[in-house]
Structure formats: structure tokens, C-alpha cells
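[1] Following is a predicted model, sequence given first.
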Amino acid sequence: MEPSGFWALGSGFSTIGRFLILLVLATLAAGCAVGPDFVPPEPDMPPTYRAEVAPAEATSFADVPWWEVFQDEDLQHLITTALENNYDLLTAAYRVEAARHQVGITRSEIYPQVGYQGAAQRARTFFPTATENPTFNTFLGTFNLAWEIDVWGRIRRASEASLADLFATEDFRRGVVLSLVSGVAQAYFELQELDLELQIARETTQSFEETVALFTRRFQGGVDSKLSVERAKAALAQAAAAIPQTQQRIVIKENQISILLGRPPGPIARAPLMTQSAVPPQTPAGLPSQLLLRRPDILQAEQQIASANALIGVSVANFFPQIGLTTLYGGQSSELENIIKGPGQVWAISGSVLGPLFQGGLLIESYRQSVADWEATKQQYEQAVLTALGEVSDALIAQQKLEEVRIEQAKEVAALQESVRLALLRYNGGLSTYFEVLEAQQQLFPAENALAQTDRDRLLAVVQLYAALGGGWSEDHFEPPGWFDFAHFGDDSLQTPAVPPVASIDTSAPAPVSAPEPVAQ
């Protein structure tokens, strides 16, 4: 059977082509990616969190999805709306898409690059022996192929870096989701607390109005002086001024939530009263080691180490020659109809080796820069771990101490309420002056506000602990059933390419990498 197609170009070409192809395959099989291999960092983690009262256990309330953590239906609706419309989250999702395409761009270099070329020319050329300069037509049509054989793993290491960048971008998106969920919840509880402050201000204003009326009647009856009336009016004005101030803060907070929801400023639907039942009563923190697998910022920092580590391999590979293969096949003829026929057939195949000799220290400095970048990402990772441990400890101690503060403040409010009642009884009975009544009422107003703020802070401590623990990080916990995943929207072409597993890159010490450092290229 006669050979056909590619192998029918001639016995010489067939032999050379087969030899080069076998050589390429053998080279690829034997080739290895130079540079250090990645090993995930293992920072020293404490056995328990500071300020954790209960014994450390694997169970953590951060494993609970957010729509089960926050029981308020209005809050759940707001969070869902924010996850659908928030522009920061949409921006992060498009960055994930861009990073996914960048992986494909980087990996494309490992494949042969096939192109085509066509040309047509008509020219008159001078010939000394001819009586008249002849006119020639030339037609050319070829297919060409260029292929860099990734012997040293330069392209593979660059692909590893792009893939790690993709994972880091996805971790950043998850961090935006976590920040958005906790940010909406925090603003919602702050808004509810402002509603309570407004209610307290109105009740206090009403109480002072009654006091002013009482003092006025006594003054008109000749029992009391005008001084008590004026002091009561001043206290009334002070309490009344708190109403528009609180209303202003409410509108500002509603605007803040509206922006998080991705819509113009407007009113926010909410439950009428702030209640501790909006969050779980039990909030176990779990084990500190779980932070390494749950916190998006820590996972992002780890992927940044992997990316920087892979780029070390790229800088090492640049010291070695690039081996390439180029081929051409087509036709050339003076007649267009003969361009694809036998006499006009043209082909060529060649290999090339391109390597550096002297580049003024460019390669060695590039290598040292990549190592320095790698060291910087390691420090960022360690800092992210410490920050996470500190945030969890802060939230835990806030939970504990705010509970104690709340108990004492509740006692204070109860005592002041009783003192107001007693002061009014004594004043009406002629046993005390107006000063005792005003003093008791003026002390009660800020005490009630402080108690409301402490109740708010207790809720915020739960939100902050959930965020500090990386709550709801797992794929199933980010979005409630049916929520649209913006990081994977679009057709199947946007899915992560089937890249081989990232070759392990030893983070321990890239310095011993076999880069020819003594040669200042």
C-alpha cells in the first residue's frame, strides 16, 4: 500500500520526518520541568484559640451555611439580593473568568502553532541576454507549523503559575462573598440598633414632655419656681434633638446597605426589633488548623506562593536553550491552477536551538527577582495566618466580655428606671426637688442607649467570629440552593481547562535550584 498524505512527500522527507517526530516524542518523554517543586506550607498553629473557653473540638459553627446562621428572614433576603447584584462581587467573578482564559493563553504555547501563507506576484525582471525583459507570475500557498519543544518545562511552569493565579483569584472571589455576607449582616444589625435608639429617643422625649408639663403646672400653681421649668425644657430639647440625629444615621445606614445590594439608595425592609435569636446561641470556634482550609485569604496566599514558585522554574528554564521545530508544505507556480499540482510542490522541515550567551546579567537578575518574589509571598502567607488567629481571638473575647457588660448595663438601666419612678413620687410628695427628677431621667437616656449598643455589639461579635473563621467557605455553603454562581456562569468553555495536576514545587529552599548562577547572562 502506497503512503499517502504527509508521508507521501518523498522517501527522504518521510525518513527525516519520522526520525524528527520520534526524536521529539523521546525528548518530551525524557524532559522534566526545571525549578523547585511546590510543597504546601505548614505553619505552626496553636492547639486552641486564645480566649476560647470551651475545650477545642473539630466542630465549628463556621461549617454552617450562612442562611442557617442568620435566622432573620429579612436579613436572608438582603444577603441573597447582595450576592446576586453586588458590583464588587460581579467584578471579582469577571476577574475569575479572565484568569481562567489566561490559563488557556499560557498553555497554548505548548501546542504546535499552525498557520498558512499565500502570495501572488507579477513582475518584470531584467535579463542581459534577453531581447526583451520577460514578465513573470508567481503564486504561492503554504501551510506552516512552528513548535517549541518544552524540554526544560518553561511553558509547563508558566502554566502552573497561571493555574495558581486562577485558584488565587477564585479564592479572592470567595473572600468577597464572605465579606459581603458579613458586611450586610453587620449593617443590618446596626440599622436595627438605630431603630431601637430612635424608639428610646422618642420615649425619652415623651417622658421629658410629661416632666415639663408637671413642672409647669406646679409653677403656675405657685408651688415651684420657673427655674425647674426651664431646666426641664432644656432637657426636653436635648432629648428631642436626638430624634433627627438618629433618623439621619438611619438613612445613611440604609444607603450603605442599598449600595451593598447593588441598587440606588432607598428604604430597607427589616424586622421591627433587634433580637439575639437572629444568630445561633452556640458558636464553637473549632480547631485553629481548620483556618488553613477555610479562610479564603489564607488559601489565596497559598496559591500566590505556588504561582511565585512556578515562576522560579520559568526563570531557571530561561538559562537553557529553546528547541524548536518548523515545517512548511504547499505549492508554488507561475500558474494559479498548478499551485496544488505535483511540479509546484514545496516543503521544508527544520529544527532550531536558540540559547543565551551574554545578556548583561538579565537572566541571573530575573532569577533572583523571582526568588525574592517567592520569599515575599511566604511572608504574606504567614501574616495572613497570624491575622486570622488574631481576628478569631478578638471575636471570642468580644463575645465573652460583652455578655458580662450586658449583665451590668441591664442592672444599671433597671436601677435608673426605678430611680426615676421614686424621684417622681418624692417630687410629687414634696420630699425632693426637681433636680432629682431631671438627673434620674437624664442618666437613664444614655444608659438605655448604651444597653442597646451592647446588644448590637453582641450580634456583631457573632458575625465577626463567623467571618474570622472563614464561615461558609466550602462550595456548598457560599450560595443557598438555586443561587447563581457568578464564577462559573456562561458556557462550558469558561470552565477550568483540564490542566494536569500542578507539579509539586518545593517551597523549602529554591536557592539550591540548578540555575547556573555563576554565569552572569
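    In hand now; what should we look at? Small disclaimer: the values here were computed from a predicted structure and weren't measured.
[2] And the helices in this protein?
    11-30, 66-69, 73-85, 87-107, 154-220, 226-260, 291-294, 296-317, 362-428, 434-468, 475-478 (DSSP state H).
[3] Give me the pLDDT value at the residue located most distally from the centre of the chain.
    For the chain, the residue at maximal distance from the C-alpha centroid (Cα atoms, centre = their mean) is Thr131, at 78.1 Å. Here the pLDDT value assigned to Thr131 is 71.
[4] Also the one 4 residues further on?
    Reading off the confidence values, Thr135 has pLDDT 80.
[5] and the closest residue to it other than its chain neighbours, how many neighbours does it have?
    What sits nearest to Thr135 in space, not counting adjacent residues and going by Cβ to Cβ, 6 or more residues apart in numbering, is Arg124, at 4.8 Å. Placement of C-beta: from N, CA and C, glycine included. Using other Cβ atoms under 10 Å, Arg124 has 10 other residues around it.
[6] List the residue ranges of the stretch 301-450 of the chain that fall below the pLDDT cut-off.
    In the predicted model of the stretch 301-450 of the chain, residues 336-343 satisfy pLDDT under 70.
[7] switch to 90 and redo it
    The stretch 301-450 of the chain contains residues with pLDDT under 90 at 325, 328-352, 358-359, 399, 420, 423-442.
[8] for the stretch 1-150 of the chain, same thing?
    Those would be 1-37, 39, 42-72, 116-142, 148-150, if you go by pLDDT under 90 across the stretch 1-150 of the chain.
[9] let's see 70
    Using pLDDT under 70, the stretch 1-150 of the chain drops low at 1-31, 53-58, 130.
[10] Quick one: neighbours of Ser225, just the number.
    There are 14 residues near Ser225, going by other Cβ under 10 Å.
[11] shouldn't it be in contact with Phe219?
    Yes: counting by Cβ atoms under 8 Å, Ser225 touches Phe219, with 6.7 Å between them.
[12] Burial check on Leu469, number of neighbours?
    29.
[13] Now do the contacts for it.
    Counting by Cβ atoms under 8 Å, 6 or more residues apart in numbering, Leu469 touches 60-62, 285-286, 290-291, 294-295, 392.
[14] As CSV, these with neighbour count and distance to Ala240 would be great.
    Shown next, in CSV, are the contacts of Leu469 (neighbours: other Cβ atoms under 10 Å; distance: Cβ to Cβ, whole Å):
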residue, neighbour count, distance to Ala240
Ser60, 21, 47
Phe61, 19, 43
Ala62, 28, 44
Ala285, 27, 45
Gly286, 20, 49
Gln290, 19, 51
Leu291, 28, 49
Arg294, 22, 49
Arg295, 28, 47
Val392, 26, 43
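[15] re the thing from before, next, the contact list for the residue farthest from the centre of the chain, please.
    Neighbours of Thr131 in contact, by Cβ under 8 Å, 6+ apart: none.
[16] just Thr81 next, same as before
    Applying Cβ under 8 Å, 6+ apart to Thr81 gives the contacts 261-263.
[17] What sits closest to the residue nearest the centre of the chain if chain neighbours are left out?
    Geometric centre of the chain, nearest residue: Phe172, 1.7 Å, by Cα atoms, centre = their mean. Nearest non-adjacent residue to Phe172, counting by Cβ to Cβ, 6+ apart: Gln300, 5.4 Å away.
[18] Relative to Val177, how far out is that neighbour?
    Counting by Cβ to Cβ, to the nearest Å, the separation of Gln300 from Val177 is 13 Å.
[19] More neighbours: those two, which one.
    Applying other Cβ under 10 Å to Gln300 and Val177 shows that Val177 carries more neighbours, namely 27 against 21.
[20] My guess is that one contacts Leu90. True?
    No: between Val177 and Leu90 there is no contact under Cβ under 8 Å: 11.5 Å.
[21] Tally up the residues packed near Pro41, please.
    18.
[22] Surely Gln464 touches Ser182?
    Yes: counting by Cβ under 8 Å, Gln464 touches Ser182, with 7.2 Å between them.
[23] Give me the buried positions along stretch 226-240.
    Buried residues in stretch 226-240, counted by 16 or more other Cβ atoms under 10 Å: 228-229, 231-233, 235-236, 239-240.
[24] Show me how the record splits the protein into domains.
    Listed domain ranges for the chain are 1-30, 33-111+153-320+364-480 (source: automatic domain parsing).
[25] which one of these is the most hemmed in?
    domain 33-111+153-320+364-480 (a mean of 18; mean count of other Cβ atoms under 10 Å).
[26] how distant is that domain from the center of its chain?
    Relative to its parent chain, domain 33-111+153-320+364-480 has a centroid offset of 17 Å by Cα atoms, centre = their mean, to the nearest Å.
[27] Make 46 the first number, not 1, from now on.
    All right, first residue 46 from here; so that's domain 78-156+198-365+409-525.
[28] Nearest residue to Gln158 in space, please, no chain neighbours.
    Gln158 sits nearest to Ala191 (Cβ to Cβ, 6+ apart), 4.8 Å away.
[29] same check, this time on Ser397
    Gly369 (4.5 Å).
[30] That neighbour contacts Asp195, doesn't it?
    No: using Cβ under 8 Å, Gly369 is not in contact with Asp195; the gap is 10.5 Å.
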